[in-house]
Every structure is written in C-alpha cells, then in structure tokens.
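Undergrad: Below are the sequence and a predicted model for it; my questions follow.
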Amino acid sequence: MCGIWAIFGSEDDVSKQCGSCLKIGHRGPDSFRIENINHFKNCCLGFHRLAVVGDVYGMQPMRLHSLPHLWMIYNGEIYNCKLVKKQFDFDYETDSDGEAIMRLYAHGGVEFAAQHLDGVFAFILLDTAERKVYIGRDTYGVRPAFRFINEDGFLAVCSEVKGLLGLAHSNGDHEIDLTPFPPGHYETYDLSTSGKATFREQKRFHSIGVPPKYLTAAPSIGDDIAANIRSLLTAAVKKRLMADRRIGCLLSGGLDSSLVASLLVKLGKEMNLSYPIQTFSTGMENSPDLLAARKVASHIGSEHHEVTFTEDEALSAIEDVIYHLESYDITTVRASTGMYLVSKYISKMTDTVVIFSGEGADELAQGYIYFHKAPSAEEADTECHRLLNDLHYYDVLRADRSTAAHGLEMRVPFLDHQFTSYYLSLPAQMRQPQDGVEKHLIRSAFDGEGLLPNDILWRPKEAFSDGVSSAKKSWFQIIQDHVEDLVSDELLEEAPKRYPFNPPKTKEAYYYRMLFEKKYPGKGRLIPYFWMPKWTKTTDPSARTLTHYKQ
C-alpha cells in the first residue's frame with residue numbers, strides 16, 4: 001500500500017501546495033519523496049512508500065535510464081511482472097514490479113499496458129517527450145484514485161480525497177468536481193509547454209467478467225467446474241504471496257476469509273516461508289466471529305491473534321473511521337470500525353504488513369442474504385454485476401482505507417481477474433443460492449477437501465459488522481442507542497434541506513453525515529447512494545434485520 005499525489009499546471013506556490021501531500025502519509029510510512037518535473041516547474045509528483053516489493057529500487061517517482069522521458073508513480077502490485085518481462089523480452093533495470101507498467105507503455109501505448117497488467121493498481125504516468133499525462137486504475141478499483149481538473153488546466157490526482165483539499169486555486173473545495181477515478185479505465189491529458197493539462201479521452205480497457213488479455217500462470221481450465229474453482233482460487237492466493245514483508249490474514253470465521261486463510265497457510269508451508277502465517281480476528285467478547293475464527297485457526301494451524309474491543313472503544317473510533325473512509329455510508333462505517341481497530345493492533349503489535357482478506361466474494365458469488373429473494377437467475381446476475389461495478393464505493397473502499405490508515409497493505413484474491421472472469425462465465429442458475437444456502441457453488445467446490453471444518457464451510461452468512469458483536473445486541477443497535485440523544489428529532493426532520501443529496505433517514509445516518517461533513521464539506525456525492533439490500537422491505541442494511549435472513 002502506498003500513497004500517490006500529483007499536480008500539473010499549478011499557478012500557486014508549489015512548495016506550499018506540497019503540504020497537502022503529507023495528509024496521506026499513513027499510506028506509506030516507510031519513506032517519502034516529492035519531486036518537481038524537469039522543465040515543468042509547476043508540475044509535481046509525490047509518493048509515500050510502504051516498502052513491500054523491491055527494497056532497493058522501489059522508490060518513486062520511478063525513472064529508467066533507457067526511458068528518460070517517462071516519470072511514473074503508482075500504488076499497487078503487478079503480479080505478472082516477470083511473465084511480462086519474459087513474454088516481451090524486456091530488459092529490466094530494477095527489481096520493482098512497477099517497471100512492467102513503463103515497459104509495456106513504451107512497447108505498445110497506455111491501453112496496451114493497462115490491458116496486460118495482472119494486478120491491482122492506480123498509476124500516473126508522465127511522458128515528457130509526448131507531453132502526455134495518463135491515469136489508470138485496476139478493474140475493481142482495489143487501489144484508490146481521485147482527481148479533479150479546473151477550467152484553467154490545473155490537474156490534481158491523489159490516492160485519497162484528503163490530499164486534494166485546499167488545492168483548488170481561487171475556487172473553494174465545494175466548487176470543484178472532485179470524483180473517484182473510474183475502475184477499469186484510463187484517461188489521457190495533453191500537457192502544454194506551460195504545464196497546463198487538457199483532458200483528451202477516457203477509455204475502458206477492461207470490463208468485469210471479460211477474460212484478461214495477458215498471459216497468466218493460472219492453471220488451464222478443464223471440464224470439472226469444482227476443480228476449476230479450487231485451482232483458480234488457489235492460484236489467485238499464490239500469486240499474491242509476492243512480498244518481501246511478512247504476510248498475514250484477517251479471519252472472521254466466515255466462509256470467505258476462512259478459505260483465503262486456509263489456502264494461504266497451506267501455500268505458505270509449501271513455499272517454506274520463514275515464518276508462520278498470522279491470522280487476526282476481532283470483535284467484542286465472545287462474539288460469533290471470534291468463536292468461529294478460533295476454530296478455523298486451530299484447524300489450519302495459523303498463529304492466531306484475537307483483538308477484542310469494548311462498546312466504548314468502538315464508538316469512540318467512529319469519527320476517525322469516517323475521516324479515513326471518506327464515506328458516510330451506513331453499512332460501510334459499521335463494518336469498517338472493527339477492521340480499523342484490528343488493523344491498528346496489527347500495525348502496533350506485530351511485524352505483519354501484507355494482509356489477505358475475503359472481500360469481493362459476496363458480490364461475485366451472490367453471498368448476500370437478499371439474493372435468496374432474487375426473482376430470477378437473470379436478475380440475480382444483473383445485481384451481481386452491479387455490485388461488482390460499485391465495489392470501489394463500498395467494500396473495496398472499506399478494505400483499503402481501514403488498513404491503509406495504519407500502514408498495511410490489503411490483498412483480495414476473490415477479485416482476481418482470472419478467477420472472476422471464469423466464475424461469471426458459469427450459468428447464472430448455477431451461481432444462485434441452492435438449497436437455502438448462499439455461495440453454494442463455492443462451498444460445494446471445497447467440500448471434502450479438508451481445508452476447513454465442515455460447519456465453517458457451510459456457516460451461514462453473517463455481516464462483518466454484526467459478527468463482531470454479541471448475539472444478544474448487534475453493533476448497529478449499540479450505535480443507534482448511542483446516537484439517539486446526539487441527534488434530535490428536529491435535526492433529522494430538517495435533514496433533506498441540509499443534505500439534499502442522499503438525505504439521512506435515521507439518526508445513525510445523520511450522525512455519520514454530520515461527522516463526514518466536518519472533514520469533507522459539500523462532498524456528499526463521493527458515494528452515489530446508501531448501500532441497501534435489494535428485493536426486501538427492510539430499511540436497515542444489517543443482515544440481522546432479514547429474519548434469518550431468507551424467509
């Protein structure tokens with residue numbers, strides 16, 4: 001996990017604007033660099049590094065002796081960097097996986113480069129010979145990027161919104177159109193001799209469900225669907241073991257994180273890693289997740305850590321959580337609190353830096369409880385694709401910000417290109433819940449393999465924000481009790497006037513929006529809507545409101 005920041009065509013004192021870059025220092029605590037561009041003194045690139053791959057040559061902005069006209073900063077991991085080198089006979093100068101981006105661009109252009117990257121990334125590439133700026137982001141938006149461009153040609157890009165505030169020249173922050181960069185796209189900007197940027201085009205280089213164009217080390221696809229699912233998910237975990245720092249895994253005891261943790265421990269032993277894989281669960285005392293995770297950890301033989309927190313500790317963290325999330329979405333805030341607290345523990349109490357997790361499985365494999373209510377397989381498939389398209393606003397955002405806040409790097413094997421494209425190619429009916437069980441296809445693929453205890457493999461869906469609390473009183477109920485006296489009925493009644501976009505309809509939602517607006521005034525459009533279950537009449541996103549969920 002790193003932090004990238006760039007400005008092009010500034011009319012202000014660049015040295016003063018560089019202070020904004022420091023606001024994302026948590027993303028890369030190991031080292032920091034900021035550079036002006038030769039001959040473009042009003043353009044600047046900033047980089048906060050979390051050193052995970054390429055200790056000696058991984059610092060950025062990245063420059064290459066053989067390509068002196070290129071400057072690049074990026075946040076991400078390119079898993080096929082060695083395959084790319086071999087395929088195109090590239091002569092690498094560094095041991096950094098990011099060099100693949102620059103080599104592919106020089107070989108075939110920015111679209112060619114983006115289409116041939118197996119990984120997660122947000123990059124800014126400057127070609128001073130052509131006077132072009134390119135921005136690109138991976139298919140699911142696993143790595144974040146935001147940008148804005150003013151009418152006067154001032155372009156600013158950053159991993160997080162907070163690093164762009166206060167940069168808008170004579171405009172206030174509320175006047176600029178500061179938006180998330182769309183996943184699976186790249187953008188091209190012309191750069192004038194004075195450093196001013198002009199938008200030229202935005203183009204999608206990869207669509208969800210479409211097989212990748214690059215060569216892959218993933219096993220070949222046979223006729224046995226269950227075997228294909230097992231082998232592709234295993235390959236997705238294996239390629240993500242690319243790291244020079246210690247690797248661990250979040251473990252809630254649910255299907256997704258448990259499968260990832262089990263595969264990770266198994267592969268770690270096969271690869272003779274010099275350390276045991278650490279797993280981390282979090283929750284209030286005796287919460288369902290803690291109990292389930294304990295059982296999984298014992299089964300797979302991980303070095304397990306349980307991070308407990310009290311109601312007061314969780315409630316007091318909410319404001320910091322919202323600051324780091326840059327979101328006021330109800331379920332995102334709820335689910336992020338436990339992840340934020342466990343990430344804080346990992347950062348302070350262990351030497352683990354790279355964290356695996358199970359994000360993306362519910363969207364890909366129709367794991368949410370409300371999929372039991374889908375009117376048809378076709379509508380379920382459409383909803384699945386919608387969720388995947390919007391992941392970067394919700395679960396992927398949560399996973400990135402909750403961990404990056406504490407200088408950790410998140411890796412999500414369920415969102416592997418090869419795995420997701422294969423899974424989505426299977427018949428829609430096959431991917432639906434079966435026999436009253438969501439994600440039945442994935443569960444059955446691993447049934448009998450011995451990776452997990454049977455009751456864990458078939459454990460019903462429990463939302464992360466619910467699983468960390470007790471069975472008697474859910475986390476969302478604790479929050480709602482807390483905010484009851486903090487938000488008056490009168491304030492809630494006036495909410496549509498004060499917040500006309502996504503007006504809060506509950507005191508909990510109002511409380512989140514109020515904390516969000518303190519840090520990001522007028523930026524409510526950073527999320528398009530409140531995440532809510534489909535095909536139900538519930539007014540709360542918690543799975544526990546869907547009486548066992550399926551009826």
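TA: That came in fine, so what should we check first? Numbers count the residues shown, from 1 in each chain.
Undergrad: now the helices: where do they sit in the stretch 451-551 of the chain?
TA: In chain order, the stretch 451-551 of the chain shows helices spanning 454-457, 464-467, 475-483, 489-493, 495-498, 507-519, with DSSP state H, counting those that start in this stretch as the criterion.
Undergrad: mean confidence for the fourth one?
TA: It stands for helix 489-493. Model confidence over helix 489-493 averages 97 on the pLDDT scale.
Undergrad: and it, what other elements does it pack with?
TA: When contacts are defined as 3 or more C-beta pairs under 8 Å, 6 or more residues apart in numbering; DSSP states H and E, helix 489-493 sits against helix 507-519. In this view, the C-beta of every residue, glycine as well, is placed from N, C-alpha and C.
Undergrad: I'd like the helices of the stretch 451-551 of the chain written out as a markdown table, with mean neighbour count and distance to residue 138 added.
TA: Below are those laid out as a markdown table (neighbours: other C-beta atoms under 10 Å; distance: least, C-beta to C-beta, whole Å):
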| stretch | mean neighbour count | distance to residue 138 |
| --- | --- | --- |
| helix 454-457 | 15 | 30 |
| helix 464-467 | 26 | 23 |
| helix 475-483 | 19 | 31 |
| helix 489-493 | 11 | 39 |
| helix 495-498 | 13 | 36 |
| helix 507-519 | 20 | 26 |
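Undergrad: can I get these in a markdown table with distance to residue 118?
TA: Written out in a markdown table, the entries for the helices of the stretch 451-551 of the chain read as follows (distance: least, C-beta to C-beta, whole Å):
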| stretch | distance to residue 118 |
| --- | --- |
| helix 454-457 | 29 |
| helix 464-467 | 28 |
| helix 475-483 | 37 |
| helix 489-493 | 48 |
| helix 495-498 | 45 |
| helix 507-519 | 35 |
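Undergrad: Which helix runs longest in the protein?
TA: Among the elements of type helix in the chain, defined by DSSP state H, the one spanning the most residues is helix 330-349.
Undergrad: ok, and what's touching the helix or strand following that helix?
TA: Downstream of helix 330-349, the next assigned helix or strand under DSSP states H and E is strand 352-356. With C-beta atoms under 8 Å, 6 or more residues apart in numbering as the test, strand 352-356 has contacts from 50, 52, 237, 240, 243, 245-250, 260-261, 264, 278, 280, 343, 346, 403, 407-413.
Undergrad: what about dumping the CA coordinates of the next helix or strand after strand 352-356 to CSV?
TA: If you walk from strand 352-356 toward the C-terminus, the next helix or strand you reach (DSSP H and E) is helix 361-364. Output in CSV follows, covering the C-alpha atoms of helix 361-364 (Å, rounded to 0.1, in the frame of the first residue of the first chain):
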residue,chain,number,x,y,z
ALA,A,361,-16.7,-12.9,-2.6
ASP,A,362,-20.2,-11.8,-1.6
GLU,A,363,-20.5,-9.6,-4.7
LEU,A,364,-19.1,-12.2,-7.0
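Undergrad: Counting by contacts, list what helix 361-364 packs against.
TA: Under the contact criterion of 3+ C-beta pairs under 8 Å, 6+ apart, helix 361-364 touches helix 255-270, helix 377-389, helix 417-425.
Undergrad: If I take the longest one and strand 352-356, what angle do their directions form?
TA: Regarding helix 255-270 and strand 352-356, their directions subtend 130 degrees when assessed with axes from the mean of the first three to the mean of the last three C-alpha atoms, to 10 degrees.
Undergrad: Can you name every helix or strand that helix 255-270 contacts?
TA: Contacting helix 255-270 under the criterion 3+ C-beta pairs under 8 Å, 6+ apart are the following elements: helix 225-239, strand 246-250, helix 288-300, strand 352-356, helix 361-364, helix 440-446, helix 454-457.
Undergrad: so which of the ones you listed gets nearest residue 537?
TA: Residue 537 lies closest, by C-beta to C-beta, to one member of the helices and strands packed on helix 255-270: helix 361-364, at 20.9 Å.
Undergrad: What is the burial count for residue 430?
TA: Neighbours of residue 430 under the rule other C-beta atoms under 10 Å: 12.
Undergrad: pretty sure it contacts residue 441?
TA: Yes. With contacts defined as C-beta atoms under 8 Å, residue 430 counts as touching residue 441 at a distance of 6.0 Å.
Undergrad: got any residues that touch both of the two?
TA: Looking at what touches both residue 430 and residue 441 (by C-beta under 8 Å, 6+ apart), the common residues are residue 225.
Undergrad: Skip the chain neighbours and tell me the closest residue to residue 110.
TA: residue 134 (4.6 Å; C-beta to C-beta, 6 or more residues apart in numbering).
Undergrad: if I've got this straight, the one you found is in a helix?
TA: No. The assignment for residue 134 is strand, going by DSSP: H, G, I helix; E, B strand; the rest coil, so no helix is present there.
Undergrad: what sits against it?
TA: 105, 110, 123, 124, 125, 126, 127, 186, 187, 188, 189.
Undergrad: swap the cut-off to 6 Å and go again
TA: 110, 125, 186, 188 (C-beta atoms under 6 Å, 6 or more residues apart in numbering).
Undergrad: Could you find the closest non-adjacent residue to the second one?
TA: Okay, so that is residue 125. Leaving aside its sequence neighbours, residue 125 sits nearest to residue 134 (C-beta to C-beta, 6+ apart; 4.4 Å).
Undergrad: ok, the one you found to residue 181 distance?
TA: In this structure, residue 134 and residue 181 are 12 Å apart, going by C-beta to C-beta, to the nearest Å.
Undergrad: Ok, which of the helices of the stretch 451-551 of the chain comes nearest residue 351?
TA: Taking C-beta to C-beta as the criterion, helix 464-467 is the member of the helices of the stretch 451-551 of the chain that comes nearest to residue 351, at 25.0 Å.
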